[in-house]
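Generate a structure from the sequence data that follows.
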Amino acid sequence: MKVDTEGNEKRVLSGAIRFFKEKMVQNAIVEVTPCCDFWKKAGIEASEVRKTLGDIVSYGYIMVSLFDYKIFRTAEEVEKYLEEPPFRQSDMWLTLEKDIHNTNTSVLLPSKPNTEWYV
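Numbers count the residues shown, from 1 in each chain. Here you go, the predicted model:
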């Protein structure tokens, strides 16, 4: 699943929440844009976005920031990271925790990207 909705990611993820609860989504890339008033223009509070992503993590997913490749395994970690994000816009990768530990699954995280691209 790829979510790139210019500030409406909370609505899309909320609409798909049953699929996350039932672990029907294996991977999701979600563009998160705390800058530019996208959420405000969409009538969404930043806390709602943080909570929705945290809820998904609590269903057995992990979130990997593709900005700095930090891995988040709890809702609290997600919410804290997104309270003051180090980026204006970046993708988050949501994947099942079990797949990270599965020896049959090869998950390689690249080294930190050139952050000048994300300014």
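
CA atoms only: put the helix or strand of the chain with the lowest mean pLDDT into CSV for me.
The helix or strand of the chain with the lowest confidence, counting by mean pLDDT, DSSP states H and E, is helix 97-101 at a mean of 73. Only the C-alpha atoms of helix 97-101 are listed here, as CSV (Å, rounded to 0.1, in the frame of the first residue of the first chain):
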residue,chain,number,x,y,z
GLU,A,97,7.0,-7.1,13.2
LYS,A,98,7.0,-10.8,12.6
ASP,A,99,8.5,-10.3,9.1
ILE,A,100,11.5,-8.4,10.5
HIS,A,101,12.4,-11.4,12.7
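
if I look at Ile71, how far off is Arg18?
Using Cβ to Cβ, to the nearest Å, we find Ile71 at a distance of 25 Å from Arg18. The way it works is simple: take the backbone N, C-alpha and C, and place the C-beta from them, glycine included.

ok, back up a step: for the least confident helix or strand of the chain, the distance to its chain's centre please.
Counting by Cα atoms, centre = their mean, to the nearest Å, helix 97-101 is centred 16 Å from the centre of its parent chain.

begin at 309 from here
In the new numbering, first residue 309, that becomes helix 405-409.

which residues sit against the longest helix seen in the chain?
As assigned by DSSP state H, the longest helix anywhere in the chain is helix 354-366. Helix 354-366 is contacted by residues 317-318, 321-322, 325, 328, 338, 340, 342, 347, 371, 380-387, 390-391, 400, 402 when judged by Cβ atoms under 8 Å, 6 or more residues apart in numbering.

Emit the ChimeraX select command for whichever of those are buried.
Buried members of those, defined by 16 or more other Cβ atoms under 10 Å, are picked up in ChimeraX with:
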select :317,318,321,322,328,338,340,342,347,371,380,383,385,386,387,390,400,402
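
so who does Lys349 touch?
Listed by Cβ under 8 Å, 6+ apart, the contact set of Lys349 reads Gly315.

can you give me the helices for the protein?
Using DSSP H, helices in the chain cover 317-323, 325-329, 346-349, 354-366, 383-391, 405-409.
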